[in-house]
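Trainee: A predicted structure for the sequence below; I have some questions about it.
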Amino acid sequence: MNRLKLSVVLSVQQARFDAVAFKGNLESNLAKIAGWGYEGVELAIRDPQVVDGEALAALLAAHGLAVPAIGTGQAWGEEHLSYSDPDPVVRQAAIERTKAHVPLACRFNATIIIGLLRGLVQPGVNPAQAIAWTVAALRECCAAAAESGVRIALEPINRYETTLVNNVAQGLELIDRVGADNLGLLFDTFHANIEEPVIDASLVAAGDRLFHVHVADSNRWYPGAGHLDFAHILGVLPRIGYSGFVSGEFMPHPDADTAAQRAIAHLRSLDRDGAPRRG
């Protein structure tokens with residue numbers, strides 16, 4: 001297997017989302033992540049307007065870390081902003097928040113992730129209407145991002161968290177409706193294990209629309225803690241021409257440091273021999 005470019009999710013601001021492994025002191029977390037051998041950090045940012053871009057860039061440069069992607073989910077988790085909210089004020093706030101990520105994403109050559117910022121089908125809302133609102137929002141956001149050469153990645157998320165785009169096929173259909181070249185997919189192995197009939201076939205279907213990859217095992221712990229065959233799954237990536245980062249987004253169990261170290265050890269073992277070490 002080709003050597004993987006590995007990153008891990010780090011929250012720039014405090015957040016409640018449990019699958020963000022690293023929160024707290026930014027500088028010490030960056031130092032640890034770089035020291036373990038990660039080449040990048042995927043930044044989870046609730047509001048980019050309160051982030052000091054200069055200071056953040058300096059810290060990242062000091063530790064030699066790239067930023068492959070910026071996660072927007074905290075705007076949903078902390079503020080309940082979404083593209084599919086029945087309140088047009090909330091929908092527009094979600095769009096404006098997405099646009100606010102563009103300058104930072106451009107600076108770091110990062111992809112903007114749209115996960116639960118798309119929202120849910122809320123009570124009393126027709127699913128077709130929720131999709132229509134989401135399509136309209138993504139068109140506006142993609143147009144704004146395209147002006148700066150920034151890409152946006154929509155993440156299929158399992159049915160227990162949303163009913164709006166659960167799998168790759170639905171994601172590709174939505175991308176076709178939006179009609180923007182800078183819109184692609186984020187493939188998350190945890191969600192795929194629930195929703196995709198054949199994980200590697202879904203990766204092949206994503207093809208050149210695959211913009212980013214998240215890894216977590218079947219139990220949402222670090223890779224190697226569950227039953228997913230990461231040698232097989234990640235072995236598909238070079239076959240479809242994907243050369244981007246593989247980013248760990250997993251529960252901080254038994255703790256964040258241990259999870260991140262075990263994750264990179266497991267994934268680097270695939271680089272060496274195509275199969276995880278045993279014992």
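Mentor: Ah, there it is.
Trainee: Residue 124: what secondary structure?
Mentor: coil (DSSP: H, G, I helix; E, B strand; the rest coil).
Trainee: show me what contacts it?
Mentor: residue 86 (C-beta atoms under 8 Å, 6 or more residues apart in numbering). C-beta here means a position set from N, CA and C on the backbone, and glycine is covered the same way.
Trainee: For whichever strand or helix holds residue 269, which helices and strands make contact with it?
Mentor: Using DSSP states H and E, residue 269 falls within helix 256-273. On a contact count with 3 or more C-beta pairs under 8 Å, 6 or more residues apart in numbering; DSSP states H and E, helix 256-273 meets strand 5-11, helix 26-35, helix 230-239, strand 245-248.
Trainee: Report the angle between that helix and strand 5-11.
Mentor: For helix 256-273 against strand 5-11, the angle by axes from the mean of the first three to the mean of the last three C-alpha atoms, to 10 degrees is 170 degrees.
Trainee: Would you indicate which residues of helix 256-273 are buried?
Mentor: For helix 256-273, the neighbour count (16 or more other C-beta atoms under 10 Å) marks 256, 259-260, 262-267, 269-270 as buried.
Trainee: just stretch 208-221 next, same as before
Mentor: 209-217, 220-221.
Trainee: cool, stretch 232-249 as well?
Mentor: The neighbour-count check on stretch 232-249 (16+ other C-beta under 10 Å) flags 233-237, 242, 244-249 as buried.
Trainee: any chance of these in TSV, with pLDDT and distance to residue 170 too?
Mentor: What follows is the buried residues of stretch 232-249, written out as TSV (pLDDT from 0 to 100; distance: C-beta to C-beta, whole Å):
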residue	pLDDT	distance to residue 170
233	97	20
234	96	23
235	96	25
236	96	20
237	97	21
242	97	20
244	97	22
245	98	24
246	98	23
247	98	22
248	97	25
249	96	20
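Trainee: ok, back up a step: return the subset of the buried residues of stretch 208-221 lying in strands.
Mentor: 210-215 (DSSP state E).
Trainee: What count of nearby residues applies to residue 140?
Mentor: 18 (other C-beta atoms under 10 Å).
Trainee: Please tell me I have it right and it contacts residue 95.
Mentor: Yes - with contact defined as C-beta atoms under 8 Å, residue 140 counts as touching residue 95 (5.5 Å).
Trainee: quick one, which of the helices and strands packed on helix 256-273 is nearest to residue 73?
Mentor: Closest approach to residue 73 among the helices and strands packed on helix 256-273 (C-beta to C-beta): strand 5-11, 9.9 Å.
Trainee: Perfect, that will be all.
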